[in-house]
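Asks: all I have is the shape, not the residue letters:
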């Protein structure tokens, strides 16, 4: 069994490397009209440059998994702005894509919690489609859309899960097929359990991203071990290794919040379950200390008897 590790968006090991520097619409409107677009381009250029720095860090540490920031382009989908963020940065987008291919990094996006297809309000669905297309376009500009994923949650229940899931399937028809083709769904920590999310994934032929921390917070009534083979099978269509989100609670009182690091004891049991199944997976570490938490978790899990670190970002358990 091989497990590759990755981290989310920012690197704390690099100085001033945030790829999510932003600009509010309020700030945009306060600028003189002739300066607005220049400022948008400045912020975007900085985010793309910082992403490049992070990709080189991934290469140096042999990290094969990285979640790109959804905030690379400020105000990209704002109805009063919606600017052309491709033409001024054709070289930069291509350069990022070329590096991702050269370093063989599995890339992804995870839009925010407002990108959902369960709302009874039509404008919420319209905005979700717009946001999903925005993420797809960035992947397309980099030339990596065929190997990447855009991961979201199902959304709220609106007081009636059964009716809401019917609406989810209906609203999802609004999403362009090429975008839907690379989307994934993740179980969440309050509403839709692993079993409920898996049912939706199987019906829509969408790969499922399993979140272990969310499952512990919202386990449902079906043992996880009884669902793993079905979860992994949802990835067959994409011919991609199943992806799993790993984090641990900040505290018992703040159980749903992510801790700075990942407690190896919180994930070790699941790690051993995967070993018994002989299933290769990719672990996306969702901890506050980003790449530092990921590297620490790799060190911690590599101390288990029989586990061997075969590269900077990969463990093997034989």
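Replies: Alright, I've got the coordinates. Keep in mind it's a predicted model, so treat the numbers as computed, not measured.
Asks: just the helices in this protein please.
Replies: Per DSSP state H, the chain carries helices over the ranges 25-30, 33-61, 90-102, 122-142, 161-171, 177-180, 194-204, 212-217, 228-233, 264-277, 290-302.
Asks: what sits closest to residue 174 if chain neighbours are left out?
Replies: The shortest distance from residue 174 to any non-neighbouring residue, by C-beta to C-beta, 6 or more residues apart in numbering, is to residue 129 (5.2 Å). C-beta coordinates here come from the backbone N, C-alpha and C atoms, glycine included.
Asks: an error on my part: the question was meant for residue 292.
Replies: residue 12 (5.2 Å).
Asks: over to residue 135?
Replies: Sequence neighbours aside, residue 109 is the residue nearest to residue 135 in space, at 4.5 Å (criterion: C-beta to C-beta, 6+ apart).
Asks: isn't the one you found up against residue 148?
Replies: Yes - between residue 109 and residue 148 a contact is recorded at 7.4 Å, counting by C-beta atoms under 8 Å.
Asks: can you point out the buried residues in the lowest-mean-pLDDT helix or strand in the chain?
Replies: In the chain, no helix or strand scores lower on mean pLDDT, DSSP states H and E than helix 264-277, which sits at a mean of 93. By neighbour count on 16 or more other C-beta atoms under 10 Å, the buried set for helix 264-277 is 264, 266-267, 270-271, 274-275.
Asks: and for stretch 49-68?
Replies: Buried-residue list, stretch 49-68, by 16+ other C-beta under 10 Å: 50-52, 54-55, 57-59, 61, 63-68.
Asks: ok, stretch 310-318 next?
Replies: 313-315, 317.
Asks: filter the residues you listed down to just the ones in strands.
Replies: Here DSSP state E is the test, and those give 314-315, 317 as lying in strands.
Asks: nearest to residue 228, of the residues you listed?
Replies: Closest approach between these and residue 228, by C-beta to C-beta: residue 317, at 16.0 Å.
Asks: so that closest one touches residue 309, yeah?
Replies: No - counting by C-beta under 8 Å, residue 317 sits too far from residue 309 to count as a contact (10.6 Å).
Asks: overlap in contacts of these two?
Replies: Overlap of the contact sets of residue 317 and residue 309 (by C-beta atoms under 8 Å, 6 or more residues apart in numbering) is empty.
Asks: give the buried residues for stretch 35-47.
Replies: Here stretch 35-47 shows 36, 40-41, 43-44, 47 as buried, counting by 16+ other C-beta under 10 Å.
Asks: can you tell me the closest non-neighbouring residue to residue 139?
Replies: Per C-beta to C-beta, 6+ apart, closest to residue 139 is residue 145, 4.0 Å.
Asks: what is the neighbour count of that neighbour?
Replies: 21 (other C-beta atoms under 10 Å).
Asks: and the gap between it and residue 171?
Replies: For residue 145, the distance to residue 171 equals 22 Å [C-beta to C-beta, to the nearest Å].
Asks: tell me the buried residues in stretch 286-299?
Replies: Neighbour-count burial for stretch 286-299 [16+ other C-beta under 10 Å]: 286-287, 289-298.
Asks: how far is it from where the chain is centred?
Replies: Distance, stretch centre to chain centre, for stretch 286-299: 16 Å (C-alpha atoms, centre = their mean, to the nearest Å).
Asks: with stretch 192-199 instead?
Replies: The mean C-alpha position of stretch 192-199 is separated from the chain mean by 18 Å, C-alpha atoms, centre = their mean.
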